[in-house]
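Undergrad: Fold the following and give me the result.
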Amino acid sequence: MEKFFKLKENNTTVKTEIAAGVTTFMTMAYILAVNPSILGDAGMDTTAVLLATALASFIGTTIMALYANLPFALSAGMGLNAYLAYTVVLGQGISWQTALFAVFIEGLIFILLSATNVREAIFNAIPLPLKRAVSVGIGLFIAFIGLQNAGLAVDSSTLVTITNFTDNFSTAGICALLAIIGLLIMAVLYIKNVPGSILIGIIITWLMGMICQIIGIYVPNPETGFYSLFPAGIVSADFSALGETFGQCFTVDIDAAGIFNFIVIVFSFLFVDLFDTLGTLIGVSTKAGMLDENGRLPRIKPALMSDAVATTAGAILGTSTTTTFVESSAGVAAGGRTGLTALTTGVLFLLATLFSPLFTAIPSFATAPALILVGFLMFESITELKFTAENLSETIPAYLCILAMPLFYSISEGICFGVIAYVVLNLVTGKKKNIAPLMYILAILFVLKYVFL
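TA: I've put the predicted structure just below:
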């Protein structure tokens, strides 16, 4: 281990690295409950999604460990899974198989881009305010989905309103109330810097639901979608459910989606994944002191390649875009500095496949607080936007990008609005120097999208 991972060179030990890897897994394990819930809404088998998520996480994180020797873990990206389920599948009526094929194509493109310097060049072409706005907008979008999954935000004459807790209190009402309590518990744990605060919050909320069922406050009603909160099992070595999603990305009908619309979907995945991954790598590397004197990560190319291969493998297995997780910073804070941290996390994801009945039994009101809190974590980037008079041509497009995502229920629409507004406002106000050539191309493509689609 010393020779392969260069532990002494990185001022760490085997014990520290393994402990850091466990810490990272604890902070990320909520994805095994949340991702099946989100992609299940798109019509995918939840057990298959859980197995695919765990296996894709194992593959990507292990490659990161052995190829890049970095303490970063990967799994199905929050926001990207919501985009696939709620925008592409439910919003545009495209099959989840076709959506997974778009993820597969995205992964192949990223493999090509990661083999060169193109990925970094694309990253540099997009203005920083829009990069930050995408993170903020996705945060609001995820939080809104969390409010809906909790049963707190419901349809009304005003388009959306808070639920009436007294109506159907033994089912929807108590679930919404438990979600609020769970969110507060999760927030307290996070503020107290408790490792795995999100996962612990999910478990506590679920346990409270079980107690409510035992004493009769929660009454299961399968006809209205409220089932028993007790899992049918805990451990299972039956992986046959994976066949429901494995290889299904190749059973597509692009003509039904429309070739231009399909290209837009692929680009949207590319755009969000690009900034999510690079932003995470830079942020976590900075915290770990891994950047060189020029602010660059020396092993960024193998890190990006690990991410790209994981996305491709994940699409074949049956999950949305696999990306580097910002929760890797928890392992870094615990002392993780090498690939041994990532390898530990990857092995734990592999072991998690044995507990699929437990993870898939977690109710949506228990995972909803996690979505809301993750939305807050992504919302933090808004503090980096400078709302001054000289920056209005940059911050107004950022604002439109943020606004469009939750209100239009679409990450891609937010990106489109942001890019178009940025090019137009900077061009008209005489700030052409702020616009990279690639931005003109993107703006034209997005305008054509609205004209012809």
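Undergrad: C-alpha from now on. contacts and neighbour counts both.
TA: Will do.
Undergrad: and the helix or strand harbouring Val309, what other elements does it pack with?
TA: Using DSSP states H and E, Val309 sits in helix 300-317. When contacts are defined as 3 or more CA pairs under 8 Å, 6 or more residues apart in numbering; DSSP states H and E, helix 300-317 sits against helix 46-63, helix 96-114, helix 259-288, strand 322-324.
Undergrad: Worst mean pLDDT among the ones you listed?
TA: Across the helices and strands packed on helix 300-317, helix 259-288 has the smallest mean pLDDT, namely a mean of 73.
Undergrad: Give me the below-cutoff pLDDT ranges for the stretch 151-300 of the chain.
TA: 275-276, 278-280, 282-284, 286-289, 291-296 (pLDDT under 70).
Undergrad: can you give me the helices in the stretch 51-200 of the chain?
TA: Assignment of helices within the stretch 51-200 of the chain using DSSP state H, counting those that start in this stretch yields the ranges 80-82, 96-114, 118-125, 128-149, 174-191, 197-215.
Undergrad: Could you export these as a markdown table, including mean neighbour count?
TA: Shown next, in a markdown table, are those (neighbours: other CA atoms under 10 Å):
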| stretch | mean neighbour count |
| --- | --- |
| helix 80-82 | 24 |
| helix 96-114 | 23 |
| helix 118-125 | 15 |
| helix 128-149 | 25 |
| helix 174-191 | 20 |
| helix 197-215 | 20 |
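Undergrad: I'd say Thr166 and Cys175 touch.
TA: No - applying CA atoms under 8 Å, one finds Thr166 not in contact with Cys175, separated by 11.5 Å.
Undergrad: before we move on, back to that, I'd like to know which of the helices of the stretch 51-200 of the chain is closest to Glu17.
TA: helix 197-215 (20.3 Å; CA to CA).
Undergrad: Other residues contacting the very next helix or strand once past the closest one?
TA: Of the helices and strands lying after helix 197-215 in sequence (DSSP H and E), the nearest is helix 254-257. The contact list for helix 254-257 (CA atoms under 8 Å, 6 or more residues apart in numbering) reads Ile94, Thr98, Phe262.
Undergrad: hmm, back to that, looking at the helices and strands packed on helix 300-317, which is nearest to Gly331?
TA: Closest among those, using CA to CA: helix 259-288, at 9.8 Å.
Undergrad: about what we covered before: between the helices of the stretch 51-200 of the chain, which one is closest to Leu304.
TA: Among the helices of the stretch 51-200 of the chain, the nearest to Leu304 by CA to CA is helix 96-114 (5.9 Å).
Undergrad: Just want the angle from the closest one to helix 300-317.
TA: Between helix 96-114 and helix 300-317, the angle comes out at 160 degrees (axes from the mean of the first three to the mean of the last three CA atoms, to 10 degrees).
Undergrad: Run the chain-centre distance for helix 96-114.
TA: Distance, stretch centre to chain centre, for helix 96-114: 16 Å (CA atoms, centre = their mean, to the nearest Å).
Undergrad: who are the neighbours of it, in terms of helices and strands?
TA: For helix 96-114, the packing partners by 3+ CA pairs under 8 Å, 6+ apart come out as helix 259-288, helix 300-317.
Undergrad: Could you count how many residues lie near the closest residue to Trp206 other than its chain neighbours?
TA: Leaving aside its chain neighbours, Trp206 sits nearest to Ala366 (5.5 Å; criterion: CA to CA, 6 or more residues apart in numbering). Ala366 has 32 neighbouring residues, counting by other CA atoms under 10 Å.
Undergrad: I'd like to know which elements the helix or strand hosting Lys15 is packed against.
TA: In this assignment (DSSP H and E), Lys15 forms part of helix 14-28. Counting contacts by 3+ CA pairs under 8 Å, 6+ apart, helix 14-28 is packed against helix 197-215, helix 328-333, helix 339-352.
Undergrad: Distance check, Gly335 against Thr12.
TA: Remark: distance between Gly335 and Thr12 (CA to CA, to the nearest Å) = 7 Å.
Undergrad: same thing with Asp255?
TA: According to CA to CA, Asp255 and Thr12 sit 53 Å apart.
Undergrad: So for those two, which residue has more residues nearby?
TA: The neighbour count for Asp255 versus Thr12, taken as other CA under 10 Å, is higher for Thr12 (16 against 10).
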